[in-house]
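sequence first, then the predicted structure:
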Amino acid sequence: MSEHLEILPLTKAAFAPFGDVIEADPSTRRLINGGTTERYHALAKPVVIGETAPLIFNIFRGQPRQFPYAVAMMERHPFASQSFTPLSGRPFLLAVADDEGGRPGRPRVFLASPQQGVNYFPNVWHHPLMALGAVSDFLVVDRENPPENYEEFFFDTPYIVSEPSL
Ligand SMILES: NC(=O)N[C@@H](O)C(=O)O
Ligand code: NI
């Protein structure tokens, strides 16, 4: 029997074990360019582990997920962080999980606003991009993904996520 996963609002505190939330946090604000620009400083720190490899900027164009949605698998990148920043002005869903002896535990699902991005720490279990409502673009900063930087786990029984009320 599949379990339903509730959808939580994305907050820095709730997401802290899994990564950074990329949003205009007033505590990071600096006025620059003669006061014409607000710099929200060092919201996340991209990381590459092991052999030096370039961090790269990508655009992921995600198809919207259909609901109810089955979270059947999770993945992780042991040797680099991975960030997703929405470019299309739409919210999106993300799912993360603790590691339990080399496999993901029960996923936690968050709803990110159009003004929030995330940076997954290296080796954090997460579900691949889940766009909402329409095809959506995301700026993704990660590293060239050699096969060893990509680990998947498939659940015996998928978890179910209902459509978020937006
Ligand atoms: N495959 C790929 O690069 N995408 C995933 O890592 C993802 O998190 O969406
Ligand atoms: Ni990923």
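Looks like it came in fine. Numbering: from 1, shown residues only. Ligands and ions are numbered 1, 2, ... in the order given.

the protein: helices as residue ranges?
Assigned helices in the chain, in chain order: 12-15 (criterion: DSSP state H).

which residues of this structure lie near ligand 1?
75, 82, 126, 128-129, 145 (CB under 6 Å from any ligand atom). (Each C-beta comes from the backbone N, C-alpha and C, glycine too.)

report the central residue of this structure.
The residue lying closest to the centre of the chain (CA atoms, centre = their mean) is residue 118, at 4.7 Å.

who's in contact with that residue?
10, 15, 19-22, 83-84, 94, 112 (CB atoms under 8 Å, 6 or more residues apart in numbering).

so can I have a markdown table of those residues showing pLDDT and neighbour count?
Shown next, in a markdown table, are the contacts of residue 118 (pLDDT from 0 to 100; neighbours: other CB atoms under 10 Å):
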| residue | pLDDT | neighbour count |
| --- | --- | --- |
| 10 | 98 | 21 |
| 15 | 98 | 21 |
| 19 | 98 | 22 |
| 20 | 98 | 20 |
| 21 | 98 | 21 |
| 22 | 98 | 21 |
| 83 | 98 | 22 |
| 84 | 98 | 27 |
| 94 | 98 | 24 |
| 112 | 98 | 24 |
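
and those residues, which two are furthest apart?
Greatest spacing in these, by CB to CB: 10 and 83 (13.6 Å).

need the longest strand for the protein.
Looking across the chain with DSSP state E, the single longest strand is strand 151-161.

okay, buried residues for that one please.
For strand 151-161, the buried set under the neighbour-count rule, 16 or more other CB atoms under 10 Å, comprises 155, 159-161.

likewise stretch 109-124?
Neighbour count says stretch 109-124 has 109-112, 116-122, 124 buried, by 16+ other CB under 10 Å.
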